[in-house]
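Undergrad: any chance you can model this:
(one chain, ligands or ions: 1)
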Amino acid sequence: MRKNLKTTTSNNRMIHHTNVIALFALVGMSITASMGILGLFNENYFLAAALFLASIIYFLGYFSLKKFNNTNLSSAIVLYSLYLLMFYLVFTGGVENTGPLWIYIVPPVSLYIHGFKRGLTDIALFIIIIGMFMFMPINVTTYSIEFKLRLIYSFLTVTFLSALYEYSRTQSFKRILELSNKYEQLANYDPLTQLSNRRDALHILQREQARILRNKEALSIILCDVDYFKKVNDQLGHNAGDAVLVELASLFTRSIREQDCVARWGGEEFLFILPQTSAQNAFVFAEKIKKQVQNHLIRYENNDINITVSMGVVQLHSDISIDEAINNADKHLYQAKNSGRNEVYPKP
Ligand SMILES: Nc1nc2c(ncn2[C@@H]2O[C@H](COP(=O)(O)OP(=O)(O)OP(=O)(O)O)[C@@H](O)[C@H]2O)c(=O)[nH]1
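TA: This is a model prediction of the structure:
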């Protein structure tokens, strides 16, 4: 089993999220800058200054994302500057009291950035403060009662629809993540032992071989085959054979280091991939595994099953291909079988 198993789906999601925040910042920056220029033409200098300030803040949000790759900081800059700008527009009325029309941007952006629960909490706080701004005598502009009520009703409707959309988006994403994990599991893992299958092991080997070429590190493989496995099946049944494979997989997984991998190579054959390990050290490791298996009694339905394994060791080099290395390991395994089994070859 590859111990450092990671799914790429959540990484892709993170990249997508970062791109959307960058887009929010860019759109916010462009719109506030354009509205600021319009404000200058209309000689509404105070509004223009506020919009240019907001545009600079959005730029800072975008810049901090690109420079420091800190999505949380940029999200906070984008979101809280949006809230401040909205408070300002509702408080002052913007151009001829049209400022409040912009508050519909708040629900989708809040829900996207903070998710369903926190997004809704933020929006609730936002609407309470906006309500206070509009209904209390501190307001510097005047809106009719009908306008204020309809603004709040329509804002709540947009919030409800955005929350519904965000909820179904999150649910769909969870479902896709589950399916993607399931298919990854099916494509790369052996269903019986939960170890990497041959296909995944080959990918790992290719990646590790590329690394040894780059870093000039040692990399060894061990091909391990259960001795007289047919007897287990014949005498105790196929389920007993399966139980032996599962138990061995668990023993192997417990014995390897974090960076190692053990895969089910085929029927009763396992492949160990051992980065930063010379042939000599791989031999020592194989001997250790061999003894562990030999001393390990596998219990299956009141039967104690005694198992041994034979192993062939090979160190990979830049001048041999993966196929050649596996063929060589197979030859060594054959020697181990021929010399009576429960052996590791080649002897150092
Ligand atoms: N229970 C079970 N048996 C399997 C599985 N895959 C392969 N086998 C069996 O493994 C046995 C392998 O037998 P052989 O190739 O003759 O090897 P062996 O009996 O281990 O003998 P040596 O390898 O020469 O020591 C066959 O009986 C296969 O049916 C599996 O997933 N589950």
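Undergrad: apart from its chain neighbours, what residue comes closest to the one residue in the stretch 201-348 of the chain that gets nearest to the ligand?
TA: The nearest approach of the stretch 201-348 of the chain to the ligand comes at G241, 2.5 Å away (C-beta to the nearest ligand atom). For the C-beta atoms, the positions are set from N, CA and C on the backbone; glycine is no exception. Distances taken as C-beta to C-beta, 6 or more residues apart in numbering place N233 nearest to G241, at 4.2 Å, with adjacent residues excluded.
Undergrad: the least confident helix or strand in the chain by mean pLDDT: how far from the chain's middle?
TA: The helix or strand of the chain with the poorest confidence is helix 9-41; it has a mean of 86 (mean pLDDT, DSSP states H and E). Distance of helix 9-41 from the chain centroid (C-alpha atoms, centre = their mean, to the nearest Å) equals 25 Å.
Undergrad: what residues does the stretch 51-200 of the chain put near the ligand?
TA: L192 (C-beta under 6 Å from any ligand atom).
Undergrad: tell me which stretches of the stretch 1-150 of the chain form helices.
TA: 9-41, 45-68, 71-92, 106-135, 145-188 (DSSP state H, counting those that start in this stretch).
Undergrad: do you know which of those helices lies nearest T253?
TA: Among the helices of the stretch 1-150 of the chain, helix 145-188 comes nearest to T253, with 15.4 Å by C-beta to C-beta.
Undergrad: what mean pLDDT does the helix or strand following the closest one have?
TA: For helix 145-188, the following helix or strand on the C-terminal side (DSSP states H and E) is helix 198-215. Per-residue pLDDT over helix 198-215 has a mean of 90.
Undergrad: so how far is the ligand from F46?
TA: Distance of F46 to the ligand, given as C-beta to the nearest ligand atom, to the nearest Å: 77 Å.
Undergrad: I'd like to know how many residues surround the residue nearest to that residue when sequence neighbours are not counted.
TA: Leaving aside its sequence neighbours, F46 sits nearest to T92 (C-beta to C-beta, 6+ apart; 7.7 Å). T92 has 17 neighbouring residues, counting by other C-beta atoms under 10 Å.
Undergrad: cool, the one 5 residues further on as well?
TA: As a burial measure, the neighbour count of N97 was computed by other C-beta under 10 Å and equals 16.
Undergrad: with adjacent residues omitted, what lies nearest to R264?
TA: Once flanking residues are discounted, R264 sits nearest to D190: 4.2 Å by C-beta to C-beta, 6+ apart.
Undergrad: list the contacts of the residue in the stretch 51-200 of the chain that the ligand sits nearest to.
TA: Closest to the ligand within the stretch 51-200 of the chain is L192: 5.7 Å, counting by C-beta to the nearest ligand atom. Each residue near L192 by C-beta atoms under 8 Å, 6 or more residues apart in numbering is listed here: 242, 245-246, 264.
Undergrad: so which of the residues you listed belong to helices?
TA: Using DSSP state H, the subset of the contacts of L192 located in helices is 242, 245-246.
Undergrad: counting neighbours, which of these comes out on top?
TA: L245 (22 neighbours).
Undergrad: my read: it touches E268, true?
TA: Yes: counting by C-beta atoms under 8 Å, E268 is a contact partner of L245 at 6.6 Å.
Undergrad: find residues that contact each of the two.
TA: Applying C-beta under 8 Å, 6+ apart, one finds that L245 and E268 are jointly contacted by V226.
Undergrad: from T277, how far out is V313?
TA: Taking C-beta to C-beta, to the nearest Å as the measure, V313 falls 10 Å from T277.
Undergrad: overlap in contacts of those two?
TA: With C-beta under 8 Å, 6+ apart, V313 and T277 have common neighbours S220.
Undergrad: those two: who's more crowded?
TA: Higher neighbour count among V313 and T277: V313, with 31 against 24, using other C-beta under 10 Å.
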